[in-house]
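Novice: got a sequence here, can you model it:
(chains A and B)
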Amino acid sequence: MLAANRTARRSGVTTGMPVAKAQALVPGLAVQDAHPDEDRAALERLALWLQQRVSPIVAVDASGGAADGLVLDTTGADHLHGGEAVMLRDLVRRLLGAGITARAAVADTLGAAYAVARVTPGTAIVVPPGGSATALADLPVATLRLPAAIVSGLQDLGLTRVRDLAAAPRAPLVLRFGEIVTRRLDQAYGRSDEPILPVRPVDPVAVSRNFAEPIAAAETIARYIGKLVPPLCTGLEERGLGARRLDLLLHRVDSAVQAVRVALARPVRDPKHVLRLLCEQIETIDPGFGVERMELVAVLAEPIGPRQAVSSLIEEPEADLSGLIDTLANRLGGAALYRVVPVESDVPERSVRRVPPLEPVSDARWPADWPRPTRLLARPEPIETMAMLPDHPPVFFVWRGIRRKVRCADGPERVFGEWWRGDTELTTARDYFRVEDTSGERFWIYRAGDGEHGETGSQRWFLHGLFA
Amino acid sequence: MTAAPSSNLQALRDQIRRLEGHADRRRTVLPFGVPDIDRRLPGGGLALSALHEVAGGGNDALNTAAAARFAAGIAARTKGQVLWIVSTPDLFAPALQQAGLPASRVLFVEAGSDRDVLACFEEGLRHPGLGAVVAEVGRLTMTASRRLQLAAESGGGIGLALRRWRRQTDAADFGQPTASTTRWRVSLLPSVPLPVAGVGESRWLLELIRTRSGESADFEVETRDGQAELRIAGDRNGHTDETADRVPLAAALGHRPPAARIGRRRASA
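Specialist: Now for the predicted structure:
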């Protein structure tokens, strides 16, 4: 038995169990033959998919024996997704959408990430930088990618946890089990390197350059990027494509690969623009002892369609913002740039929706009759008030420890819950008031409930926004 | 435009402008449309391709609700797209629309740290196709503001640094000199009581704290919600609500109880 799904595991079937025993345990168990080669091919296809979407360096991970996972070097790529935690959650969610239950972990080293992803509970775990040793300490030695014979041998010696193994004297271990024990331990703790050989996309537009002498200076790297970009753009032009994602891979003399990934808002093959985006990322490159080979790959390319040119006789040409959007998105991440479009909803926080910056703009507008605050708090803050029921504004309220006397007020503007969203909103209502305090500051406050019926809300007061 | 009584003075100004290196560029301005304010500004309005600072006064220094609305009004009167760099994502787009700046014109950027905000601000100011760049920034040093001013001169848009501090004690930073062309402070004043229950038009104390080659001044202005027209109190007869979206920014000098609008206000209450 090589693998079992969750239902099977719940019935007592475990991996490593003979098939006959499992069938005796669960009558009518569905057993399928293992196809390691097909598994590997499927993993490679998945790796290519991830390479286009998540990170430039992706490889099928067979270091634990069988090919049972994927390994990604996300250095220099996580900022495009809004941080490591967001990236992992998004990755697991997308895989789930494709019908794959995945567990993911990010750590300083491949060994630590391997162990944490397989043992620690949770589907998307981020081990903070420098936290690998702590995360590994309590894990079983089997997670160190050692052959089964060695693991059982270590267990016979009473070395069940990684912590015990790390504390044990090294020389006798090497003598008895071979150097693989200390090598795996060093790889997990980051004391020795473990290069990842990435999968290659099928027939990409790519250019590369070998150096007789390794290069390291930022200016030299910039100069050679400048030499790589024009042939790449020519290659894209020949195929009628524009790049959406570009990877610059720097093969170092110590066989590690540094990667710089650049994402573009729309397909681009303008050398100047591409060069500028790549050169801005140079400071993130660690050349180590030097770079001996540079490779520029258009991982994701899309056809560039012809566009209608706007004549100045007809209308004012719209300024092209895609260059600016690319620059800002590569600095802050794609999620940091957005436009806001109206949504038909009376609930204030639902009346806005974020869309990507280059989404076609619509002429939809919010209703102009209702005063809306300039600042809307991310979540309404509870306030203490004194108010007459059912529909009078408060006489005073206390917000963030300051007591404010209400000088005048407008309201209530009643907002009903959206019953089509769920049963909890079937009866809810909010009464919004615009109030001005004695110093002239204006606030948007509401009562959760209509002031008469208990089922409409808790009847507590909240501050939701600030007017100008 | 400027109140230059003699041609000698004008000649001297031209000479200074040549020394400053702007001789080849025709300096354009963005008027408020309120003569009382425009008269105080050199050139008759806010200089385009320049950096301006706006801060909130009192408690509004942290929330910058009024200052943001003031900045939105200025940005609305420029042409083209507006880049708005926020440090805290609490800006409510429907309010910007009410200030005359529709959502289709605004590109938002969310930057967590002041360092990122300043980098994006500079990048935006250098871009030739933007009408205005608004950035919510806390600390602004002389060096940083000079960089921004230079970037604004090379680009086409107007730069608005919306000063927003995390703590009230940090707001003392507004006393430090910067290279910005003008510096504004917007404080909220109690509104004029209405003869009936309800909230009156909001009143701001608009302080022009500093302006290059000009004098500082204080204005008391009124703004009204859902409206974007700029007008002087007493000049109300010629305008109707239907023309509201034509000339953006909400500010009306002086104050007068808006008797004509009381009925509508209660209806919307």
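Novice: for the residue of the stretch 51-200 of chain B found nearest chain A, which non-adjacent residue is closest in space?
Specialist: Of all residues in the stretch 51-200 of chain B, B:G129 sits closest to chain A, at 2.3 Å by Cβ to the nearest Cβ. C-beta coordinates here come from the backbone N, C-alpha and C atoms, glycine included. Closest residue to B:G129 apart from its sequence neighbours, by Cβ to Cβ, 6 or more residues apart in numbering or on different chains: A:A319 at 2.3 Å.
Novice: which residues does the residue of the stretch 51-200 of chain B closest to chain A contact?
Specialist: Contact partners of B:G129, counting by Cβ atoms under 8 Å, 6 or more residues apart in numbering or on different chains, are A:E318, A:A319, A:D320, A:L321, A:L324, B:G80, B:Q81, B:G156.
Novice: tell me which of those residues fall in helices.
Specialist: A:L324 (DSSP state H).
Novice: of the contacts of B:G129, select the buried ones using a PyMOL command.
Specialist: Selection of buried members from the contacts of B:G129 for PyMOL, criterion 16 or more other Cβ atoms under 10 Å in any protein chain shown:
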select buried, (chain A and resi 319+321+324) or (chain B and resi 80+81+156)
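Novice: can you tell me the SS state at A:L376?
Specialist: Three-state call for A:L376 (DSSP: H, G, I helix; E, B strand; the rest coil): strand.
Novice: just curious, which of the contacts of B:G129 is nearest to A:V141?
Specialist: A:L324 (52.4 Å; Cβ to Cβ).
Novice: what sits opposite B:T182 in the beta ladder?
Specialist: Listed by DSSP bridges, the beta-bridge partners for B:T182 are B:H52, B:T211.
Novice: ok, it to B:G73 distance?
Specialist: 15 Å (Cβ to Cβ, to the nearest Å).
Novice: quick check: end-to-end length of stretch A:122-133?
Specialist: Taking Cα to Cα, to the nearest Å, stretch A:122-133 runs 19 Å from one end to the other.
Novice: would you point out which residue is most central in chain A?
Specialist: A:M87 (1.2 Å; Cα atoms, centre = their mean).
Novice: which parts of the strand or helix carrying it are buried?
Specialist: Element membership of A:M87 [criterion: DSSP states H and E] is helix A:84-97. Using 16+ other Cβ under 10 Å as the test for burial, helix A:84-97 gives A:E84, A:M87, A:L88, A:R89, A:D90, A:L91, A:V92, A:L95.
Novice: again, but for stretch A:365-385
Specialist: Result for stretch A:365-385 [16+ other Cβ under 10 Å]: buried residues A:366, A:368, A:370-377, A:380, A:383, A:385.
Novice: ok, and of the residues you listed, which contact chain B?
Specialist: Contacts with chain B within the buried residues of stretch A:365-385, counted by Cβ under 8 Å from any Cβ of the partner chain: A:W366, A:A368, A:W370, A:P371, A:R372, A:P373, A:T374, A:R375, A:L376, A:L377.
Novice: pull the most distant pair out of the residues you listed.
Specialist: Taking Cβ to Cβ, the two most distant members of these are A:A368 and A:L377; they sit 22.4 Å apart.
Novice: pretty sure A:A113 contacts A:V106?
Specialist: Yes: at 6.2 Å, A:A113 counts as touching A:V106 under the criterion of Cβ atoms under 8 Å.
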